[in-house]
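Colleague: Make a model of this:
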Amino acid sequence: MTTPAAPATPSANGSRRDAIARGVVGRRRELDLVLAAVTAGRDILLEGPPGTSKSTLLRAITGQWGVPFVLVEGNAELTPARLVGHHNPARVLREDYSAENFVPGPLVEAMQGGGFLYIEELNRAPEDTLNVLLAAMAEREVTVPRVGLIRGLPTFRVLASMNPFDDIGTARISDSVYDRWCRLAVGYQDEADERAIVAVRTGCDDDRLIADGVALTRATRSHPDLRRGSSVRGAIDLVAIAVELAALGSYGTGDEIDRPRVVLDAALLALSARIGVDEASEATPEQVITQIWENHFFSRPGVQRRVPIA
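Modeller: Purely as a prediction, here's the structure:
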């Protein structure tokens, strides 16, 4: 097995790491680990729930390195032919098979461009597709019929993610697959980081609204009736929707805006599709969200019902 050399220009020194970190909120430890691994020429499997900045980390690195970021969704339709590429059928009829009418798939595109091939939800991809990946990772090259040998540039990496909490449509990852990757477990950000993410993504400067949105979203992850809580994407949408609802005037104006009601309706819209109710529970997503909202706004002393949203 051949090991690719680390790229000559990108390095894991502090100044380059700091430049990459400017595009990521928090995640300093994870950024250090990912950057060190890819600079050392290794491939990485990021394992964690959705919305935890996995692809953001990788995009920040490729942006700084100036190499392509090739995103592929892992699913049953990701066949070896889709991954590697195919010959243009119309041109084959006219010209027969040739290297000139080969259309590169994402794997070959990443190899030839020296980019990062990033496969989301790796454990949804078919086994024969994973086998093609493993060969490319081991040798940094693939042989394409009627095209020949394609070698990856030194910065070529294969990276993947998987959600360990979702067992619908997924398959068990074999030991041979795990053996090819360095694995990094990625959890949810802390509350301060999630507030910062929401502020950046929404442009909202209402700290209280952001705190409410993040608190409700985080509460879904520990609710006993839920098997799956919402990622920070739920808080981002909640805050963005709440700002627009408040501006419509239907919930009052000025100091008389019914802030809790605005937050509730925004939460119902933003979070109900992002949570999964446990099969043993008879509650609906709307009931669970309403309960979380009631606990947040009315189970604490001194909470004012009508306060303005900036």
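
Colleague: Val243 contacts Leu209, doesn't it?
Modeller: Yes. Using CB atoms under 8 Å, Val243 makes contact with Leu209 at a distance of 7.3 Å. All C-beta spots, glycine's among them, are computed from the backbone N, C-alpha and C.

Colleague: Between the two, which is the more surrounded one?
Modeller: Between Val243 and Leu209, Leu209 has the larger neighbour count (other CB atoms under 10 Å), namely 23 against 18.

Colleague: For the helix or strand where that one lies, enumerate the helices and strands it packs against.
Modeller: Taking DSSP states H and E as the definition, Leu209 sits inside helix 207-219. For helix 207-219, the packing partners by 3 or more CB pairs under 8 Å, 6 or more residues apart in numbering; DSSP states H and E come out as helix 191-202, helix 232-248, helix 259-271, helix 285-298.

Colleague: Tell me the gap between stretch 109-124 and the middle of its chain.
Modeller: Distance, stretch centre to chain centre, for stretch 109-124: 14 Å (CA atoms, centre = their mean, to the nearest Å).

Colleague: Going forward, count from 40.
Modeller: Done: numbering now begins at 40, and the last item shifts to stretch 148-163.

Colleague: What residues sit buried inside it?
Modeller: Neighbour-count burial for stretch 148-163, with 16 or more other CB atoms under 10 Å as criterion, is recorded at 148-150, 152-163.

Colleague: so which of the residues you listed comes closest to Leu70?
Modeller: Using CB to CB, Phe155 comes nearest to Leu70 of the buried residues of stretch 148-163, at 14.5 Å.

Colleague: which residues does the closest one bridge with?
Modeller: On the basis of DSSP bridges, Phe155 is bridged to Phe108, Arg196.

Colleague: ok, it - contacts?
Modeller: 77, 97, 100-101, 106-109, 149, 195-198 (CB atoms under 8 Å, 6 or more residues apart in numbering).

Colleague: mind giving me JSON lines with these and columns for distance to Ala224?
Modeller: What follows is the contacts of Phe155, written out as JSON lines (distance: CB to CB, whole Å):
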{"residue": "Val77", "distance to Ala224": "17"}
{"residue": "Leu97", "distance to Ala224": "16"}
{"residue": "Ile100", "distance to Ala224": "19"}
{"residue": "Thr101", "distance to Ala224": "22"}
{"residue": "Val106", "distance to Ala224": "25"}
{"residue": "Pro107", "distance to Ala224": "27"}
{"residue": "Phe108", "distance to Ala224": "22"}
{"residue": "Val109", "distance to Ala224": "24"}
{"residue": "Ala149", "distance to Ala224": "24"}
{"residue": "Phe195", "distance to Ala224": "25"}
{"residue": "Arg196", "distance to Ala224": "19"}
{"residue": "Val197", "distance to Ala224": "19"}
{"residue": "Leu198", "distance to Ala224": "15"}
